[in-house]
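In: build me a model from this:
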Amino acid sequence: MSRAVEPLQGTKEIVEYDGKSAILLKGTGYGVRMTFPETASEEELFDQIRRFPLETAHLSGGLDAVFDFQGRSLSKDFMLRMLSEFVWPNGISVLAWLSYDMDSRALLRAAGFATGEPGAGQEKEGLHAQGSLVLTQSLRCGQRVEYDGDVVILGHVNEGAEIYASGNVFVRGRLKGVVHAGVDGGEHCVSAGSFEAAQVRLGDKICSSLGNDPRWREKSVLFCVEDGSLTARELKV
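Out: Coordinates of the predicted model:
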């Protein structure tokens with residue numbers, strides 16, 4: 001069941017469908033943010049999308065929106081369907097197309113779409129401010145995140161998953177995959193709720209011996225580059 005649609009006032013949730021494969025809408029200072037599920041099939045997703053023009057009819061016509069596809073893998077055919085079946089018929093102005101899937105981001109950029117998070121208080125300008133990317137789910141094998149800023153993972157980074165960030169990387173759960181913080185240089189940090197990876201990469205520092213060190217294995221650990229050297233310390237939580 002869906003909840004009643006309410007007028008946009010500041011930043012608040014408007015419509016939420018039950019289940020992990022639901023599309024989530026939130027009102028924001030720039031219009032509406034639509035977060036699309038990763039788990040739904042393409043047909044299931046478009047079945048949900050077809051319902052939105054009816055449920056948000058009072059919002060259509062000049063609606064400004066940000067589309068967040070999370071880690072969903074996008075294709076040219078998918079993007080064409082989004083435009084022809086949803087964006088153009090409803091007069092939606094898409095300020096940004098967000099994805100942390102590397103190939104999807106490359107596709108969106110090649111198509112000329114804005115792929116950065118709108119800055120706080122921005123109104124229809126399409127400019128993008130560097131900030132933090134917060135992911136509330138775990139990363140599976142084969143998923144890759146690239147972000148210009150800090151990355152916060154509230155789940156696990158499983159073996160075969162990768163994170164590349166220009167800033168710091170904070171993993172709340174188990175860290176088993178590849179994490180590279182400070183890819184553009186500088187002194188940055190990586191923290192893990194349970195360190196179980198084979199290595200840590202900070203800037204140009206790569207340490208591949210940490211995974212076999214019993215001092216850090218399955219411990220809550222903070223890794224930093226300080227005065228040009230990689231340091232590690234256990235976090236007491």
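In: so how far is Ala192 from Glu42?
Out: 34 Å (CB to CB, to the nearest Å). Every residue, glycine included, has its C-beta placed from N, CA and C.
In: domain boundaries for the chain, per the record?
Out: Domains of the chain are assigned by automatic domain parsing as 12-110, 132-234.
In: pick the most buried one from those.
Out: Among those, ranked by average contacts under mean count of other CB atoms under 10 Å, first place goes to domain 132-234 (a mean of 18).
In: need the distance between the two termini of that one.
Out: 24 Å (CA to CA, to the nearest Å).
In: same question, stretch 85-105
Out: Using CA to CA, the two ends of stretch 85-105 sit 21 Å apart.
In: what mean pLDDT does it get?
Out: On average, the pLDDT along stretch 85-105 is 86.
In: check stretch 159-177 too.
Out: 92.
In: where among the domains of the chain is the average confidence lowest?
Out: Among those, domain 12-110 scores lowest, with a mean of 76.
In: just how off-centre is it within its chain?
Out: The chain centre lies 14 Å from the centre of domain 12-110; the measure is CA atoms, centre = their mean, to the nearest Å.
In: next, work out how far apart the residue of the chain most remote from its centre and Leu74 are.
Out: Distance from the C-alpha centroid of the chain, by CA atoms, centre = their mean, peaks at Pro214 (32.2 Å). Separation of Pro214 from Leu74 (CB to CB) stands at 42 Å.
In: helices of this protein, start to end?
Out: Ranges of helices within the chain are 42-49, 52-55, 76-82, 102-110, based on DSSP state H.
In: from Ser191, how far out is the residue farthest from the centre of the chain?
Out: Taking CB to CB as the measure, Pro214 falls 19 Å from Ser191.
In: same question, Gly71
Out: Distance of Gly71 to Ser191, given as CB to CB: 21 Å.
In: same thing with Val145?
Out: 16 Å.
In: same check on Asp47?
Out: Asp47 is 40 Å from Ser191, by CB to CB.
In: next: Cys207.
Out: Distance from Cys207 to Ser191, counting by CB to CB: 15 Å.
In: what's the answer for Phe170, then?
Out: Counting by CB to CB - Phe170 and Ser191 are separated by 5 Å.
In: list the residues that contact the residue nearest to Arg109 when sequence neighbours are not counted.
Out: Nearest residue to Arg109, sequence neighbours excluded (CB to CB, 6 or more residues apart in numbering): Thr115, at 5.7 Å. Contacts here follow CB atoms under 8 Å, 6 or more residues apart in numbering; on that basis Thr115 touches 96-99, 105, 108-109.
In: tell me the one of those nearest Asn90?
Out: Asn90 lies nearest to Trp97 out of the contacts of Thr115, by CB to CB, at 15.8 Å.
In: pretty sure that closest one contacts Gly116?
Out: No. At 9.8 Å, Trp97 does not count as touching Gly116 under the criterion of CB atoms under 8 Å.
In: circling back: so which of the contacts of Thr115 is the closest to Ala165?
Out: Set against Ala165, the nearest of these by CB to CB is Arg105 (13.7 Å).
In: contacting residues for the closest one?
Out: 99, 115, 146.
In: change it to 6 Å
Out: Arg105 sits next to 99, 115 when contact means CB atoms under 6 Å, 6 or more residues apart in numbering.
In: likewise for the one 3 residues further on?
Out: Shown in contact with Leu108 (CB under 6 Å, 6+ apart): 97, 115.
In: separation between it and Gly228?
Out: Counting by CB to CB, the gap from Leu108 to Gly228 is 37 Å.
In: got the phi and psi for Ala111?
Out: Here is the backbone geometry of Ala111 (degrees, to the nearest 10): phi -80, psi 0.
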